[in-house]
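Engineer: What shape does this take:
(3 chains)
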Amino acid sequence: MNGNGVKITAEVISLRIPADPRFLRVARMAASSVGSLVGLALDDLEDLKIGVGEVVTSLLELGNGNELTLEFQLVDLGVELFAYVELDGPSEIDEERAALGLQILDVVADEHQFSLDTGRAAIWFRRSVDTLADVDES
Amino acid sequence: MSMSPEDQALLERFQSLRSLAADERRAESEAIVNEHAWLAERCARRFGRRGEPTDDLLQVGSIGLIKAVERFDASHGVPFAAFATPTILGELRRYFRDSTWSLKVPRRAKDLHVRIPAATERLSQSLGRSPTPDELAAELDETVEHVLEGLEAGSSYRTISLDRPAPGASGPGMDVAAEDDDLLRNQQRLELARLLERLGERERRIVYLRFFEDLTQSEIAELVGTSQVHVSRLLRGALRQMSRAAADDSLNPAG
Amino acid sequence: MPPDASGFEIIASTDDGMVRVAGEVDAATADQIADAVAEVLDTRLEVVLDLSQVTYMDSSGLRALILCRQAAEGRSARFEIGSTSPEVARLLEITGLAETLLGGPSVRPDALGEPG
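Structural biologist: Numbering: from 1, shown residues only, chains lettered A, B, ... in the order given. I've put the predicted structure just below:
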């Protein structure tokens, strides 16, 4: 492993959480655990947790009571999250919070993408290790 | 992963670096850095509020870009930008992590979650980066699960103790000598060194220690004999100066 | 308010105008900060937040802090964040909110003071 590539290892960890902010913590802890499987250091894990927290918070707002699905995928020295929620009506968004959340995600994630289809909102992001100096192959 | 012809051509330029003479190699890698300055700027833009990124962030981003060009291995067949972005972001994130600071680190009972910060600090110094949970677990003689629980139990991932006694002569965590053996890296560092010459002696030393020796601001503060706060301010000022010097140079290239 | 299983705890003291927050601040707990600050502002013209024991904060927490500052301003009261944890400090820096909420960069002078 060398941190250059983003080869997908085909392992997916899936989590469905009820639409309640009390479960944000569960999502964050899952993120920590998943991240520790691919060699992320503590700083990376912290950022991964923050990213997952922001994604889930935004989807909770949009989803208006619908269950969320989180799919963690292990990639080469990183983690990708794909999360989505069904939309079945208008949602109440705090725009300033959403803007802050987006900016935070912009910093903690290497790449992210939103998609808004009719009936579904989804957010994807990837985070890999920050410090590659130590992960050269021998 | 499918790659555009441009990505492929860039990989080939990286491959060809090996076979070039030293000054051609330097010119070519500088060219690659300059062509990707937009990437460093785009990464720097993610931080702070809207508007132009600050000079110090642009400079940190550039340093990240230079490191990415140094470290990129074209034989893995991945586009350069995909590798460079996390490298540049990593440099920027480290810059923020290192320069923020908390007041009043709490004292707690001697549970696992209290032993973790000290162990983290020890390992960070010897590894030159933050440790993985596995490494922490080995250091503390605990299971990884316990370590993760201990982290969740409410300790900060990194504590900066104001009244911790000064550690012994702090050396850099990373082995810079090995990197210096690489002529390519030396040449790129000469560019930064040229900009460093514009700085005062103290600022120059601090920038060198921070980006070439990868010391934390606290370690630099001890070496230089001042506070971490002052190092942070000096660093920002120095980076701003270097940014302006680099911008002036591009408008008025030497001979 | 006693700590819950996650360790979140908030203590509002109208005696000294301090609101101390500990643990994780997210959408589940951020509202309590605004409530605690309002409680203090009902009786005093100043509120000081101690965030040094906050181990996690996100956009919901930041939003709550902004609302608290606005609430204080609305009453011509003083709002201050007296201490931060590294997590909070970093968050304020990367979102560019350090100036508005802390009155300056989150790098604070140590106890002995620091020449400008």
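Engineer: In stretch B:220-234, which residues are buried?
Structural biologist: B:220-223, B:226-234 (16 or more other Cβ atoms under 10 Å in any protein chain shown). Placement of C-beta: from N, CA and C, glycine included.
Engineer: Get me the contact residues on chain A for chain C.
Structural biologist: By the rule Cβ under 8 Å from any Cβ of the partner chain, the part of chain A lying against chain C is A:20-22, A:24-25, A:28, A:46, A:49-50, A:53-54, A:57, A:60, A:94, A:96-98, A:100-101, A:103-104, A:107.
Engineer: returning to what we had before: can you tell me which of the buried residues of stretch B:220-234 are in helices?
Structural biologist: Among these, the residues falling in helices (DSSP state H) are B:220-223, B:228-234.
Engineer: Export the residues you listed to JSON lines and append columns for distance to A:V85 and pLDDT.
Structural biologist: Output for those, formatted as JSON lines (distance: Cβ to Cβ, whole Å; pLDDT from 0 to 100):
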{"residue": "B:I220", "distance to A:V85": "46", "pLDDT": "85"}
{"residue": "B:A221", "distance to A:V85": "47", "pLDDT": "84"}
{"residue": "B:E222", "distance to A:V85": "49", "pLDDT": "84"}
{"residue": "B:L223", "distance to A:V85": "51", "pLDDT": "84"}
{"residue": "B:Q228", "distance to A:V85": "43", "pLDDT": "77"}
{"residue": "B:V229", "distance to A:V85": "44", "pLDDT": "74"}
{"residue": "B:H230", "distance to A:V85": "48", "pLDDT": "80"}
{"residue": "B:V231", "distance to A:V85": "45", "pLDDT": "82"}
{"residue": "B:S232", "distance to A:V85": "41", "pLDDT": "78"}
{"residue": "B:R233", "distance to A:V85": "45", "pLDDT": "78"}
{"residue": "B:L234", "distance to A:V85": "47", "pLDDT": "83"}
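Engineer: okay, and for chain C, where does confidence drop off?
Structural biologist: C:1-7, C:103-116 (pLDDT under 70).
Engineer: Show me the strands in it, by range?
Structural biologist: Under the criterion DSSP state E, chain C carries strands at the ranges C:9-13, C:18-25, C:46-57, C:78-84.
Engineer: and C:E80, what is it in contact with?
Structural biologist: C:46-49, C:103 (Cβ atoms under 8 Å, 6 or more residues apart in numbering or on different chains).
Engineer: again with A:T118
Structural biologist: A:L87.
Engineer: Please save the CA atoms from the helix or strand B:L136 falls within in CSV.
Structural biologist: In the assignment (DSSP states H and E), B:L136 maps to helix B:133-140. C-alpha atoms of helix B:133-140 as CSV (Å, rounded to 0.1, in the frame of the first residue of the first chain):
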residue,chain,number,x,y,z
PRO,B,133,-4.7,3.3,17.3
ASP,B,134,-2.7,0.1,16.8
GLU,B,135,0.5,1.9,17.7
LEU,B,136,-1.1,3.5,20.7
ALA,B,137,-2.5,0.1,21.9
ALA,B,138,1.0,-1.4,21.7
GLU,B,139,2.5,1.5,23.5
LEU,B,140,-0.1,1.3,26.3
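Engineer: just to revisit the earlier point, mind putting the ones in helices among the buried residues of stretch B:220-234 in TSV, distance to B:A9 included?
Structural biologist: Below are these laid out as TSV (distance: Cβ to Cβ, whole Å):
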residue	distance to B:A9
B:I220	41
B:A221	45
B:E222	47
B:L223	44
B:Q228	45
B:V229	47
B:H230	47
B:V231	42
B:S232	41
B:R233	43
B:L234	42
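Engineer: Looking at the stretch 51-200 of chain B, what residue ends up closest to chain A?
Structural biologist: B:G90 (3.4 Å; Cβ to the nearest Cβ).
Engineer: Which elements pack onto the host helix or strand of that residue?
Structural biologist: Element membership for B:G90, per DSSP H and E: helix B:80-99. Judged by 3 or more Cβ pairs under 8 Å, 6 or more residues apart in numbering or on different chains; DSSP states H and E, helix B:80-99 is in contact with helix A:42-63, helix A:95-108, helix B:5-17, helix B:37-44, helix B:55-71, helix B:228-251, helix C:86-94.
Engineer: just to revisit the earlier point, isn't the residue of the stretch 51-200 of chain B closest to chain A right up against A:D130?
Structural biologist: Yes - look at B:G90 against A:D130 with Cβ atoms under 8 Å: they come within range, at 3.4 Å.
Engineer: low pLDDT regions in chain A?
Structural biologist: In chain A, residues with pLDDT under 70: A:1-9, A:131-138.
Engineer: so where do the strands sit in it?
Structural biologist: A:8-17, A:68-75, A:78-86, A:111-117, A:120-128.
Engineer: Which of those sits closest to B:P79?
Structural biologist: strand A:111-117 (12.6 Å; Cβ to Cβ).
Engineer: which other helices and strands contact that closest one?
Structural biologist: Packed next to strand A:111-117, using 3+ Cβ pairs under 8 Å, 6+ apart, are strand A:120-128.
Engineer: The strand it packs on pairs with which strands, and in what direction?
Structural biologist: According to DSSP bridges, strand A:120-128 forms sheet pairs with strand A:78-86 (antiparallel), strand A:111-117 (antiparallel).
Engineer: Would you format the ones you listed as CSV with mean neighbour count included?
Structural biologist: Listed next are those as CSV, based on neighbours: other Cβ atoms under 10 Å in any protein chain shown:
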stretch, mean neighbour count
strand A:78-86, 22
strand A:111-117, 13
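Engineer: mind checking which of the ones you listed is nearest B:G61?
Structural biologist: strand A:111-117 (16.5 Å).
Engineer: what's next to that closest one, contact-wise?
Structural biologist: Against strand A:111-117 from outside (Cβ under 8 Å, 6+ apart): A:51, A:105-106, A:121-126, B:85.
Engineer: hmm, which of those residues are the buried ones?
Structural biologist: The buried subset of the contacts of strand A:111-117 - by 16+ other Cβ under 10 Å - is A:51, A:105-106, A:121-126, B:85.
Engineer: farthest-separated two in those residues?
Structural biologist: A:A121 and B:T85 (25.1 Å).
Engineer: what bridges to the most centrally placed residue in chain C?
Structural biologist: Nearest residue to the geometric centre of chain C (Cα atoms, centre = their mean): C:L49, 4.1 Å. Counting by DSSP bridges, C:L49 forms beta bridges with C:V19, C:I81.
Engineer: quick one: it and C:V19 touch, right?
Structural biologist: Yes - when contacts are counted by Cβ under 8 Å, C:L49 is listed as touching C:V19 (5.2 Å).
Engineer: give the contact list for B:A137.
Structural biologist: B:A137 touches B:143-144, B:146-147, counting by Cβ under 8 Å, 6+ apart.
Engineer: rerun that using 10 Å as the cut-off
Structural biologist: Contacts for B:A137 (Cβ atoms under 10 Å, 6 or more residues apart in numbering or on different chains) come out as A:36, B:119, B:131, B:143-148, B:150.
Engineer: Quick check: of those residues, which has the highest neighbour count?
Structural biologist: Most neighbours among the contacts of B:A137, by other Cβ atoms under 10 Å in any protein chain shown: B:V147, with 27 neighbours.
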